[in-house]
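*Asks:* quick check, what structure comes out for this input:
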Amino acid sequence: MPSFTLKCCALALISASTLGISLSATAQDFSAKPITLVVGFPAGGSNDLVARLIAPHLSETLKTSVIIDIKAGASGTIAAGSVVRAAPDGHTLLVSSLSPTVLTPQTMRKPPYDPRVDLIPINMLGYTPETIAVGPTLPNVKTLADLIALAQTREITMSSAGVGGFPHLAIELFKIATKGKFVHVPYKGATPAVADTAAGHVDATMMDTPPLLGLIKEGRLTALAVSSEKRLGVLPNVPTAQETVPGFIAVSWIGLFAPAKTPAAVLNRINEALTLTLRKPEVLAQLEKVALPSGLMNSTEEFQQFVSAEYIRWGDVLKQAKIEMTD
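*Replies:* So this is what the prediction gives:
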């Protein structure tokens, strides 16, 4: 089988515990009004989980309330578009995976924004592999090899969080790598996609790991493989996909973004607060528990360079996978 590698910065991510950032006495004051963290996918997904984990800690550090605002739809572009149009004062921020900030705009004929121009990356929050799981329609499929073998003989429906998102891209590359008859079934977010798979409306799913964990532990979904380099601590008995499909690694990430023209002083203050949050042992433990290890980088500049490189790299992969353009 062909070998495909989908890596997030080769997982060369810097632990927040190595950073020595302190808050300055003259730091930007956020106490005048709340901060809104805009999330582009339904509650229960990876973006929502990480937003809710960091919100109370940012609130404590920045001395203001932090609100979660879910604007689901269009693979996260509705939420991203609303942040693009928001005042660049640091009070409206986007918690986003690479789908609406890197992938989806490159799959649209007329994207509503250009993430390279209209959004400023602040820092990475966490990263997560995809998990391949099957529901009750495939009771005899126990391994990834079983699934691939079955997909040689008939169509297998496979859900994702939406057209043009990272799970969709991973499914398309999985199809190429295995030559299997996998049929992509897009949903408006991970939660409904996973729920329909567990209910038997779709055969299988390939999704960020966090929203799958509960149903896997309940036995309503059978996890066949994780797409990381190594097995996950939260799913120690689930093999990696590359143990069956050599080189198949699919790791997504989630970051914090601000509208263009947000002043540097504001960005620095938010990044300082975020760094303090992701240095806390209890936060790191919570992120690990939901399969979203911290991906904090040394600076906003480092994350900005990383996102810029991701845009180019995944643009090439999208062409290779021949993802159809959407309206």
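
*Asks:* beyond the strand or helix carrying residue 193, next helix or strand please.
*Replies:* Per DSSP states H and E: residue 193 is located in helix 190-198. Sequence-wise, the next helix or strand downstream of helix 190-198 (DSSP H and E) is strand 204-208.

*Asks:* show me what that next one is in contact with.
*Replies:* 45-46, 97, 128-135, 138, 147, 156-161, 166-167, 170-171, 174, 182, 190, 193-194, 197, 212, 221, 227, 250, 252 (CB atoms under 8 Å, 6 or more residues apart in numbering). Yep, even glycine has a C-beta here, placed from its N, CA and C like the rest.

*Asks:* narrow these to those in helices?
*Replies:* Assignment to helices by DSSP state H places the following of these there: 46, 147, 166-167, 170-171, 174, 190, 193-194, 197.

*Asks:* single out whichever of those residues has the smallest pLDDT.
*Replies:* pLDDT across those is lowest for residue 190, at 89.

*Asks:* for residue 286, state which of the ones in helices among the contacts of strand 204-208 is nearest.
*Replies:* Closest approach to residue 286 among the ones in helices among the contacts of strand 204-208 (CB to CB): residue 46, at 13.3 Å.

*Asks:* list the contacts of the closest one.
*Replies:* The contact partners of residue 46, by CB under 8 Å, 6+ apart, come to 97, 126, 128, 190, 208-211, 252, 254, 292.

*Asks:* in the stretch 1-150 of the chain, where is pLDDT below threshold?
*Replies:* Counting by pLDDT under 70, the stretch 1-150 of the chain shows low-confidence ranges at 1-27.

*Asks:* could you rerun that using 90?
*Replies:* 1-29, 31-32, 42, 44-45, 73-75, 109 (pLDDT under 90).

*Asks:* sorry, back to before: so what's the gap between the helix holding residue 193 and the chain middle?
*Replies:* Relative to its chain's centre, helix 190-198 lies at 16 Å (CA atoms, centre = their mean, to the nearest Å).

*Asks:* what's the answer for stretch 277-295, then?
*Replies:* Here the centre of stretch 277-295 is set off from its chain's centre by 15 Å, with CA atoms, centre = their mean.

*Asks:* residue 289: how many residues sit nearby?
*Replies:* If you count neighbours by other CB atoms under 10 Å, residue 289 ends up with 13.

*Asks:* what number of residues lie near residue 152?
*Replies:* 11.

*Asks:* and the nearest residue to it once chain neighbours are set aside, its phi and psi?
*Replies:* Counting by CB to CB, 6 or more residues apart in numbering, residue 152 lies nearest to residue 180, which is 6.3 Å off, once chain neighbours are set aside. For residue 180, the backbone dihedrals (degrees, to the nearest 10) come out as phi -90, psi 160.

*Asks:* count the residues that sit near residue 180.
*Replies:* Residues contacting residue 180 under the criterion other CB under 10 Å number 21.

*Asks:* check contacts around it.
*Replies:* 147-148, 151-152, 156, 174.

*Asks:* buried ones from those, can you make that a ChimeraX selection?
*Replies:* Here is the ChimeraX command that selects only those of those that count as buried (16 or more other CB atoms under 10 Å):
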select :147,148,151,156,174
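
*Asks:* can you name the two of the contacts of residue 180 that are farthest apart?
*Replies:* By the measure CB to CB, those have their two most distant members at 152 and 174, which lie 13.5 Å apart.

*Asks:* low-confidence ranges, the stretch 201-327 of the chain, go.
*Replies:* Confidence mapping of the stretch 201-327 of the chain against pLDDT under 90 gives the ranges 250, 313, 316-327.

*Asks:* residue boundaries of the strands in it?
*Replies:* For the stretch 201-327 of the chain, the strands defined by DSSP state E, counting those that start in this stretch occupy 204-208, 222-226, 249-259.

*Asks:* could you list the paired strands of the first one along with their orientation?
*Replies:* Based on DSSP bridges, the pairing partners of strand 204-208 within the sheet are strand 119-134 (antiparallel), strand 156-160 (parallel).

*Asks:* the longest one now?
*Replies:* Using DSSP bridges, the neighbouring strands of strand 249-259 in the sheet come out as strand 5-6 (parallel), strand 92-97 (antiparallel), strand 119-134 (antiparallel).

*Asks:* which stretch among those strands comes nearest residue 323?
*Replies:* The minimum distance between residue 323 and the strands paired with strand 249-259 falls on strand 5-6, with 13.6 Å, by CB to CB.
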